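*Asks:* Build me a structure from this.
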Amino acid sequence: MTRAKPPVLLLWGEDPFLLRESALEWLGDVQPREVDAAEWQGGETSDLATPSLFGERRALLVTDCRSLPDVGEKELAAYTAAPALDAPLVLVVTVAERGKPPAALVKMVESVGRVKEIKLTRRDLPTWLLSRAKRRNLELAPDGAAALIDTLVENAGALDQAVVQLANAFPGERVTGDHVHRQFRGLGEQHVWDLCDKAFGKDLAGSIRALRSLRESGDDPLLILGGVASRLRDLLKVKALPERIPPAELAREAGLRFEWQARRYKEQARRFTMEELVALHAQVTEADRALKSGATDDVVLPVLVSAIAGGRV
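*Replies:* Numbering: from 1, shown residues only. Predicted structure coming up:
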């Protein structure tokens, strides 16, 4: 006998791409209404309790629930007290490294649904990556998967898009580590991308560890700074666009390659005011000047990363 799915699900973890993919996979063929928690208007749960005129199942997917306003929390609390059994509600919470979801949300969901952490360990990544490759009709060899993971760090969104690129670049071929190195030569800066994700995600401890790893690997300090500057410019573009712009349009207007990038950068830009981003841009410029004038990166870069992740601009 198949166990019925709970009417409410709370997914939490560090990777927004992986969380959203897990939510859509759990929903199956049910097409949800997707709402960014920061854009909560009120009345979002009313559709779940209202039968559809055409008989299709209803579902609501709420992303970035750490940004949920008080009115949203109150509405969700009232709804989860007596949720519709045939209309799934999925709440998604992105946390910093070693972070936890808000206790109030966990308590709200536990009594009527399920709370689940979504993460990929280093050990899980090869199997997950090979399954993504199979879904894209790409024959990825085990050494190809290992090479991708080493090149692109443990980032599900970047790995998924890399699989797409490889499928387009080598149709019908068995993709090995050599193929990966040819296709992504020079993408060691993806490790800088990971640093930027943690810093602009306000994960101070994680960003300092990422920076230390880059420095111990001998990465050029100016290349690290260049990666931070590039991310900051993208966030300035995102911040300048309307808050309610759809992800596809946001990616196009901000010059980003993928919708998942637009979602992630929008979430990161929301953590800063425009004035703070402008001030950080000035600090990046000063850091560049300092490094080129002979200042040591073991001082300049930690100060900059701490200003971004810790909010001391």
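
*Asks:* quick one, strands of the stretch 101-250 of the chain?
*Replies:* Under the criterion DSSP state E, counting those that start in this stretch, strands of the stretch 101-250 of the chain are mapped to 114-117, 139-140, 174-175.

*Asks:* For the stretch 1-150 of the chain, just list every one of the helices.
*Replies:* Taking DSSP state H, counting those that start in this stretch as the criterion, the stretch 1-150 of the chain carries its helices at 16-27, 70-80, 103-110, 125-135, 142-152.

*Asks:* I'd like those laid out as TSV, including mean neighbour count and mean pLDDT.
*Replies:* C-beta here means a position set from N, CA and C on the backbone, and glycine is covered the same way. Output for the helices of the stretch 1-150 of the chain, formatted as TSV (neighbours: other Cβ atoms under 10 Å; pLDDT from 0 to 100):
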stretch	mean neighbour count	mean pLDDT
helix 16-27	19	92
helix 70-80	16	94
helix 103-110	16	94
helix 125-135	16	92
helix 142-152	20	85
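
*Asks:* just the strands of the stretch 101-250 of the chain: most buried one?
*Replies:* Neighbour counts (mean count of other Cβ atoms under 10 Å) averaged over each of those peak at strand 139-140, with a mean of 21.

*Asks:* Strand partners (parallel or antiparallel) of that strand?
*Replies:* strand 174-175 (parallel) (DSSP bridges).

*Asks:* what about the strand it pairs with, average pLDDT?
*Replies:* Across strand 174-175, the average pLDDT comes to 94.

*Asks:* before we move on, the earlier item: specify the stretch among the strands of the stretch 101-250 of the chain that is closest to residue 306.
*Replies:* With Cβ to Cβ as the criterion, residue 306 lies closest to strand 114-117 of the strands of the stretch 101-250 of the chain, at 27.8 Å.

*Asks:* helices or strands up against the closest one?
*Replies:* strand 8-13 (3 or more Cβ pairs under 8 Å, 6 or more residues apart in numbering; DSSP states H and E).

*Asks:* Give the buried residues for the strand it packs on.
*Replies:* Neighbour-count burial for strand 8-13 flags 8, 9, 10, 11, 12, 13 (criterion: 16 or more other Cβ atoms under 10 Å).

*Asks:* Quick check: the first one vs residue 204, distance?
*Replies:* With distances defined as Cβ to Cβ, to the nearest Å, the gap from residue 8 to residue 204 amounts to 32 Å.

*Asks:* try residue 157
*Replies:* The spacing between residue 157 and residue 204, counted by Cβ to Cβ, is 22 Å.

*Asks:* quick one: which of the two has more around it?
*Replies:* residue 157 (21 against 18; other Cβ atoms under 10 Å).

*Asks:* if I look at the nearest residue to that one once chain neighbours are set aside, how far off is residue 220?
*Replies:* In space, and not counting its chain neighbours, residue 157 is closest to residue 17: 3.4 Å by Cβ to Cβ, 6 or more residues apart in numbering. Plainly put, residue 17 is 28 Å away from residue 220 if you go by Cβ to Cβ.

*Asks:* How about residue 160?
*Replies:* From residue 160 over to residue 220 (counting by Cβ to Cβ), the distance is 28 Å.

*Asks:* These two: which is more packed in?
*Replies:* More crowded of residue 160 and residue 220, by other Cβ under 10 Å: residue 160, with 21 against 12.

*Asks:* What sits closest to the more buried one if chain neighbours are left out?
*Replies:* Excluding its sequence neighbours, the residue lying closest to residue 160 (Cβ to Cβ, 6+ apart) is residue 132, at 5.6 Å.

*Asks:* got the contact list for the one you found?
*Replies:* Contact analysis of residue 132 by Cβ atoms under 8 Å, 6 or more residues apart in numbering lists 159, 160, 163.

*Asks:* pretty sure the second one contacts residue 17?
*Replies:* Yes: between residue 160 and residue 17 there is a contact at 7.0 Å, judged by Cβ atoms under 8 Å.

*Asks:* Give me the below-cutoff pLDDT ranges for the stretch 151-300 of the chain.
*Replies:* Across the stretch 151-300 of the chain, the ranges flagged by pLDDT under 70 are 152-154, 185-190.

*Asks:* sorry, back to before: now, which of the contacts of residue 132 lie within helices?
*Replies:* Taking DSSP state H, the ones among the contacts of residue 132 that sit in helices are 159, 160, 163.

*Asks:* Turn those into TSV, including distance to residue 118.
*Replies:* TSV is the format used below for the ones in helices among the contacts of residue 132 (distance: Cβ to Cβ, whole Å):
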residue	distance to residue 118
159	15
160	15
163	19
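
*Asks:* From the residues you listed, pick the one nearest residue 56.
*Replies:* Closest to residue 56 out of those is residue 160 (28.0 Å), distances taken as Cβ to Cβ.

*Asks:* I'd like the distance between that closest one and residue 288.
*Replies:* Taking Cβ to Cβ, one finds residue 160 at 33 Å from residue 288.
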